[in-house]
Every structure is written in C-alpha cells, then in structure tokens.
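Undergrad: Below are the sequence and a predicted model; questions follow.
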Amino acid sequence: MRRRRFLIGAGGICVGLPMLRRFIDPKAARAAGGDNEPTRMITMAYPMGTHLPRWTPDATGSNFTLPQITEPLAPFLDRCTLISDCPHSVYDLGGNSYVYGHPAKKEGTLTGTLLQAAFSGDGSNHVDNVIESSPEVARTPNGPSVDHVIGQALATPQHMRTSVDLAIRGQGGASSAQNSEFFYEAAANPVTVNAHPGMAFASLFNGINPDDGEVDEAFLALQRRRKSVLDAVRESFVDLRQGLDAPDRAILDDHADKIRQIQLDMPPLAACSVPEGIPEGDDAYEQMPMVETGDLVNRIMAQAMGCGIAPVGRIEYLSQQNPFFGIAAVDDGTATITDWHQAVHADGVAPADPMRMFGFQFFVQQFANLMGHLDAIVEGPDGQTALDNSLLLLASDYGEGDGHSSRDLCFVIAGGSGPGRRNFHFDGQNNTVNDVLNTLIQMACVTNEDGSPLPEFGLPGFGASAISELLV
C-alpha cells in the first residue's frame, strides 16, 4: 500500500464525527502553521530581479511590514512566505562567468545546477565533476527544474496533461511555441511554453463548452474520476479492511457509511468553469501590453488548475529587454532612456526611481492576481479553495537588478505549502538557493515510497538541504 493512501485511510479511521468540521477547516489549519498536502504546483518566473530595499520586509519572522514592491501580497499574507537575500552559491563553483552577467542565470534558478559545459568526464550532474572556471557555452542546464520533480510526484491518472505551460512575450505579439529558459524536464530538455493566450485557451479547454452544455467524453471521464477527500477515505477502507475479522469489518463499514452520509449532507463541489473573453486571433496580441496579457494568462492558468487538467502550471515572462508593461510610469520612463533592461541596471536612472519600482512591483502584482483567481475557485464543501490546495512560487534570475547579482535572490512561496510556515519572512543570507529548492520539495510533501527524503536536488554533493526554519 502506498504511503499516501495508507495515511488517508488511517486518517479516516481516526476522524471522529464531532470533530470532523474542525479537522477540515482550512482557517484552523493555517492558524496552526500548516495546510494540507498540495495537489499541484504553479510557478511564475520573470527576468531581471528587483530592487532589494523596496522588496524586503522591514523585519524577519511573523511581525513585519511589506514595502512598496511586495505590498500587493498583503491580502494573502496569511498564506505567504517571503525569502530574501539568498545567494545562489552554486555559481561560485563555475567561476566568474556564472557569477556575473546574464548567461546561465535563468537556467540555474530553478534547476540548482550549472550548464552542461561545466561538467567533465561523463558529464554526470555531481559536484565532483564541475570544471573550475568552466565556460558558458550552450545554454542548457545539467538537470531538471524543481517544478518537474514535484509535478511527477503529484501526477495522477485523473490529470489530462502533465503540465500547463504558459508565457507572456511582453512585446511583438504572441507565439504558440517557445523554449523556456527557466523550466526544464531534464538536462538540455527545456519546457515548451505557449505565449499565445488564444491558442493556449483553445488547446486546454477544447471540448468544454458551457454555452451549449455539451462536454466531451474525455472531460466527463476526468470529472467522474475526481474524488473528494472523503471519497478517498472510503475507498482506502477497501485496503484497510483486508485481514480484519467480521466484527472489525462491521465497525469499519459502519464508520464508512457515516462518512458517506456527511458527504451527502455537504454542499456540492464547485463546477469546473471556462475563462471568458480570451481573444483567438493573432492581431489582438500585436499591441497588447503585459498588464492585459498577464491577466488573460492568469485566468487561463487558474481555471485550468481548477478543472484538474494538470498537476503543474508554469508562467514565464520572456522579455527582459524592453517589454510593453501597459503602465504609463514605466513605459514612458523607459522611453526617455533606452529600454527596461537599462532601467533595471540603474543605467541613467536612480536605483529608487519610481519607474523601476512600478516595473518591479508589476510582477509581484501579477502573482497576487493569480492567487486571487485561484482563491475564487472553491474546491471543497469546507470552503477550501484552489489556492489552499496549490503550492505557488514566484522567482526571478537575479536578486538586485542593479548589478547582475546572483548573491541575493528573493522568492515568494504561497498557497498550500504543506508543512511550510505562513505569514513569515526569512532572511536567506546564510543559506543557498539550492536549500530553497529542497525546501519546496518538502513543502510539496514529496518523498520516497518509504517516506524518506528525496536525494539532494540540484547539484548533488553541493550540500543543500531543506531549511528547517521554514518548516513546522
């Protein structure tokens, strides 16, 4: 019997009827410092980092104030963990070509390793094979990104796809297929992201038409296979009752019937719905700013996750040179110098220039907007939402944009992060990005079959481990 299935069944036996409502209350779970195991992971990644003085809360722990850039997180702070000032120390092993400049930054942020050209011998991904001051040649990391590892563990036969992979170009229209620079399924195997919201919508929701009430058989089969927590408990009793004598089987069956009756008395689960107002043609996206495209992509992602289409969702902002934000303060400001890239590096503008602050805040706001869409999707009779059941991550390839810095990256972890803390700010200067990636795996409750931790993620032999202060 698989560990997860056993625990579900054992939990069902232990659940007494008078305490059931308290047991499944998501607010009570958050107050205790942890939520249920997430059923999916969604990652949003964007280039060029931020401005640390306006991103970093004014104190660590649970008593802090959000500054300008991260202020959009305020409505969801009870479901957020912020990590600041975290060095990506793996780059030091590769030498200055990794520590400075753009190359390899995106590729290493979520993989925790160097490019394939940095490894000698048979090229296996281990710290002993790293070439000191290695060259940066082909932009291909030597391992998968953390979202892929977590997604493989969370995948079930209920899912129609392995992942939902979307992107925002930021300029120059839309593209239905582009290689990601953040997300990888394996060494030198980038995820293909879809930067055409119209085509992504048509592909993901094909056969689901709420207007005429017709739903294709594949989707009906998906809906039939979706189980509530109480359904899973009752099914697991089939395994647990094996070997019991008749009196014990009778006790177990009676308890299962009571659980079933509670389920029948509860309000029905919210139905899967289809996002509306997604333009189909290419022309609509030629001059569309990121503030509009980002909203379309957020809504598509949230509804796709709410429909149970895949266990992994990815959103990537592609342009780092001169994206069209759709925010006057940013677009007009960058027009007075050269481009957004120059503004990020504070070349010709002050580090705290309002143009930079509004631009950096944009990505945090988009992440908060995604949380809002997920939180509006009710996934259980107890009021638990798609946000409560999703492990979310916001990441960038830099820390401080002014200086190509890889020594102070910032992350936001949100939603249902298993044993992860909530309403918490952690100063990561004494840890590494690889520690954060290993912590995410633990927050997703992903283990070996025997319940032991997975092998070190990222660059094995580097010494990364989960950050105990972020787990309860």
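TA: Received, thanks.

Undergrad: quick one: the closest residue to Ile327 other than its chain neighbours from Ala350, how far?
TA: Of all residues not flanking Ile327 in the chain, Phe358 sits nearest, at 5.6 Å (C-beta to C-beta, 6 or more residues apart in numbering). C-betas here are computed from N, CA, C, even on glycine. Distance of Phe358 to Ala350, given as C-beta to C-beta, to the nearest Å: 14 Å.

Undergrad: who has more neighbours, those two?
TA: Legend: neighbour count by other C-beta atoms under 10 Å for Phe358 and Ala350, higher for Phe358 (19 against 9).

Undergrad: Tell me which residues touch the more buried one, please.
TA: By C-beta atoms under 8 Å, 6 or more residues apart in numbering, Phe358 lies in contact with Phe325, Ile327, Ala329, Val330.

Undergrad: looking at this, it is in a helix?
TA: Yes - the assignment for Phe358 by DSSP: H, G, I helix; E, B strand; the rest coil puts it in a helix.

Undergrad: Counting by contacts, list what the helix or strand containing Leu166 packs against.
TA: Using DSSP states H and E, Leu166 maps to strand 164-168. In terms of contacts (3 or more C-beta pairs under 8 Å, 6 or more residues apart in numbering; DSSP states H and E), strand 164-168 is packed against strand 178-186, strand 189-193, helix 197-204, helix 290-306, strand 312-317.

Undergrad: Need the contact partners of it.
TA: 178, 180, 183, 191-195, 197, 200, 204, 290, 293-294, 297, 300-301, 304-305, 309-310, 312-318.

Undergrad: are any of those residues buried, and which?
TA: Buried residues within the contacts of strand 164-168, counting neighbours by 16 or more other C-beta atoms under 10 Å: 178, 180, 183, 191, 193-195, 197, 200, 204, 290, 293-294, 297, 300-301, 304-305, 309-310, 312-318.

Undergrad: For stretch 146-156, what is the distance to the chain centroid?
TA: 11 Å (C-alpha atoms, centre = their mean, to the nearest Å).

Undergrad: Correction: the previous question concerned stretch 181-188.
TA: 15 Å.

Undergrad: Would you indicate which residues of that stretch are buried?
TA: Glu181, Phe182, Phe183, Tyr184, Glu185, Ala187.

Undergrad: beta partners of the fourth one?
TA: Listed beta-bridge partners, Tyr184: Pro190 (assigned using DSSP bridges).

Undergrad: ok so, going back, where's the residue nearest to Ile327 relative to Asp347, distance?
TA: In terms of C-beta to C-beta, Phe358 sits 18 Å off from Asp347.

Undergrad: cool, Ile441 as well?
TA: Applying C-beta to C-beta to Ile441 and Asp347 gives a distance of 38 Å.

Undergrad: Could you pull out the strands in this structure for me?
TA: Counting by DSSP state E, the chain has these strands, from start to end: 40-46, 80-86, 164-168, 178-186, 189-193, 208-209, 214-215, 312-317, 390-396, 409-415, 424-427.

Undergrad: Just to check, Ala174 is in contact with Asp283?
TA: No - using C-beta atoms under 8 Å as the test, Ala174 is too far from Asp283 to be in contact (9.9 Å).

Undergrad: Mind checking which of the two has more residues around it?
TA: Comparing Ala174 with Asp283 by other C-beta under 10 Å, the one with more neighbours is Ala174, at 24 against 11.

Undergrad: Can you read off the pLDDT for the more buried one?
TA: Predicted confidence (pLDDT) at Ala174: the value is 85.

Undergrad: Look up how far Phe424 lies from it.
TA: 38 Å.

Undergrad: for the protein, which spans come out with low pLDDT?
TA: Residue ranges of the chain with pLDDT under 70: 1-36, 136-137, 207-243, 258-271.

Undergrad: which residues does Ala352 contact?
TA: His51, Pro53, Arg54.

Undergrad: Please disregard the earlier target; I meant Val90.
TA: Tyr98, Gly108, Gly112, Thr113, Leu114, Thr432, Val433, Asn434, Gly458, Leu459, Phe462.
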